[in-house]
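# Build me a model from this:
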Amino acid sequence: MGRARYLVDAVVVGGQSPNELARSHAISRSWLFELLRRFREGGYPAIEPRSRRPHSCSHQVGPEAQTTILALRQELTAAGDDAGAHSIAHHLAGRLEQVPSVTTIWRILKRHGLITPQPHKRPRSSFLRFEAQLPNEMWQCDSTPWQLADGSPIEILNMLDDHSRLLLNSAAYPTVKALDAVQAFTTAADNYGLPASFLSDNAAVFSGRSRGGKVPLELELERLGIEVKHSTPYHPQTCGKVERLHQTLKRYLRRQPPAQSLAHLQLQLDNFRSHYNQQRPHRALAGRTPLVAFNARIKATPRLPTAPTHYRVRQDQIDSHGSVTIRYLGRLRHIRVGVQHRNRKVHLLVAAADVRILTTDGQLIRQLKLDPDRLYFGLGGRWPVHNVLQQESGMS
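Residues are numbered from 1 along each chain as shown. You can find the predicted model right below:
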């Protein structure tokens with residue numbers, strides 16, 4: 001029995017004096033008489049504790065605005081886009097005259113059971129957060145698995161600018177190989193310039209440390225004067241921004257029709273990259289899009305200011321004489337590799353006048369710098385045309 005009922009019974013049933021009860025129980029007389037009045041009007045239920053919540057609230061969000069918030073939540077979720085309180089607040093700008101605060105939107109979602117508690121997560125304040133100060137100061141790169149509609153395994157390679165979160169490239173491959181990583185990097189560099197540093201994990205296509213060497217991507221980055229960085233093994237938090245991007249991308253892909261082919265999936269990735277960079281507000285960027293953040297500041301550059309800006313990756317086959325041919329400054333150049341490699345498939349990494357020839361498994365066969373005044377380049381150096389022709393006729 002609660003104290004209120006005890007006091008009422010003491011007066012009504014026991015006939016005790018209200019004034020004496022108020023003094024002995026250290027309560028005000030007015031409160032005791034209020035309890036007695038309630039009891040006379042409504043009996044025992046009327047003296048039970050009442051809610052202190054106000055009957056009305058002048059700044060409460062109206063039912064129409066709440067309906068708009070819930071509909072927008074469903075719309076964003078169906079599209080595979082972010083549907084948290086921050087994203088909803090951004091999209092409400094054109095739908096409501098007065099947009100509620102992020103906290104108010106969160107409470108409305110929670111009241112309707114749309115917030116999943118995650119007590120296992122560490123609080124944000126416990127993380128030591130790093131962010132590059134300039135665009136192109138550091139790029140992050142990583143691959144993530146996916147599947148086509150028929151169950152075929154696919155790997156998606158993503159590259160992200162650490163400062164602006166700009167999605168530089170998102171490409172799908174049956175399996176990401178060493179030269180695929182180089183090709184993806186060169187495509188991103190053509191569009192956005194060269195970064196000062198490049199961060200990845202220790203996957204075989206990114207790092208040759210476990211094999212005591214270097215993979216083509218590392219060789220290309222070092223040649224361009226780009227600092228190569230690798231995360232600590234079994235510590236994905238180092239590449240946390242691109243790891244978080246994988247989650248956003250996969251949530252989007254799950255809401256799309258399953259890709260029937262690699263080209264179909266690449267089209268979905270291109271659409272996502274356009275939306276992510278140009279339309280989707282980013283919470284870590286104070287609501288700006290990655291493209292706006294990328295263009296807001298000057299760009300960092302590699303430590304070598306003379307690094308070439310035009311480069312490409314080409315697949316070729318060494319001819320029967322042990323040579324490959326490449327077009328440079330509008331003319332064909334013949335590069336001697338050696339008869340022991342004839343008919344072998346190779347990859348050519350071309351950066352302006354710098355040429356490197358690698359086997360399909362990433363082994364470097366030859367590296368040289370083209371001379372604009374020469375057409376033929378022998379194994380011992382740069383050969384005039386008549387010397388090369390004499391050696392080839394002697395071999396035959």
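
# what's next to stretch 36-47, contact-wise?
Outside stretch 36-47, the residues that touch it by CB atoms under 8 Å, 6 or more residues apart in numbering are 4-5, 8, 11-12, 18, 35. (C-beta placed from N, C-alpha, C; glycine too.)

# gap between the two ends of that stretch?
End-to-end span of stretch 36-47 (CA to CA, to the nearest Å): 8 Å.

# Quick one: distance of it to the chain centre.
Distance, stretch centre to chain centre, for stretch 36-47: 62 Å (CA atoms, centre = their mean, to the nearest Å).

# can you pull the buried residues of it?
Going by neighbour count (16 or more other CB atoms under 10 Å), the buried part of stretch 36-47 is 38-39, 47.

# next one: stretch 292-305
Buried residues in stretch 292-305, counted by 16+ other CB under 10 Å: 292-294, 299-302.

# so which of these comes closest to A196?
A300 (4.3 Å; CB to CB).

# Just the buried positions in stretch 214-230, please.
Within stretch 214-230, the residues that count as buried by 16+ other CB under 10 Å are 214-221, 223-224, 226, 228, 230.

# mean confidence score for it?
Along stretch 214-230, the predicted local confidence has a mean pLDDT of 90.

# End to end on that stretch, go ahead and measure it.
12 Å.

# now swap in stretch 228-236 and tell me
This stretch, stretch 228-236, spans 17 Å end to end (CA to CA).

# Need the residues that contact that stretch.
138, 197-202, 206-207, 209, 218, 221-222, 238-239, 243.

# try stretch 320-332
314, 316-319, 333-343, 346, 348, 350, 353, 355, 357, 370, 372, 375, 392, 395.

# give me phi/psi at the residue nearest the centre of the chain?
In the chain, the centroid-proximal residue (CA atoms, centre = their mean) is L245; its distance is 2.3 Å. Main-chain dihedrals, L245, degrees, to the nearest 10: phi -60, psi -40.

# what would the buried residues of stretch 214-230 look like in CSV with secondary structure and distance to Q260?
Below are the buried residues of stretch 214-230 laid out as CSV (DSSP: H, G, I helix; E, B strand; the rest coil; distance: CB to CB, whole Å):
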residue, secondary structure, distance to Q260
K214, coil, 38
V215, coil, 32
P216, helix, 31
L217, helix, 30
E218, helix, 35
L219, helix, 37
E220, helix, 33
L221, helix, 35
R223, helix, 39
L224, coil, 37
I226, coil, 37
V228, strand, 37
H230, strand, 36
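
# quick revisit: which ones among the buried residues of stretch 292-305 are found in helices?
Among these, the ones falling in helices (DSSP state H) are 292-294.

# thinking again about what came up before, most surrounded residue in the contacts of stretch 36-47?
Comparing the contacts of stretch 36-47 on neighbour count, V8 comes out first with 23 neighbours (neighbours: other CB atoms under 10 Å).

# Tell me the spacing between the residue nearest to the centre of the chain and I156.
When distance is defined by CB to CB, to the nearest Å, L245 is 10 Å away from I156.

# one step back: my read: the residue nearest to the centre of the chain touches L160, true?
Yes. Using CB atoms under 8 Å, L245 makes contact with L160 at a distance of 5.7 Å.

# can you give me the helices for the stretch 51-200 of the chain?
In the stretch 51-200 of the chain, the segments counted as helices under DSSP state H, counting those that start in this stretch are 63-78, 85-91, 102-111, 178-192.

# Those helices into a markdown table, with extra columns for mean neighbour count?
What follows is the helices of the stretch 51-200 of the chain, written out as a markdown table (neighbours: other CB atoms under 10 Å):
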| stretch | mean neighbour count |
| --- | --- |
| helix 63-78 | 15 |
| helix 85-91 | 20 |
| helix 102-111 | 16 |
| helix 178-192 | 20 |
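
# Domain-wise, how is the chain divided?
Using automatic domain parsing, the domain parsing of the chain gives 3-47, 65-115, 139-295, 311-395.

# Can you name the residues in contact with stretch 138-145?
With CB under 8 Å, 6+ apart as the test, stretch 138-145 has contacts from 132, 153-163, 168, 176, 181, 184-185, 188, 195-201, 203, 205-206, 229, 239, 241-243, 246, 249-250.
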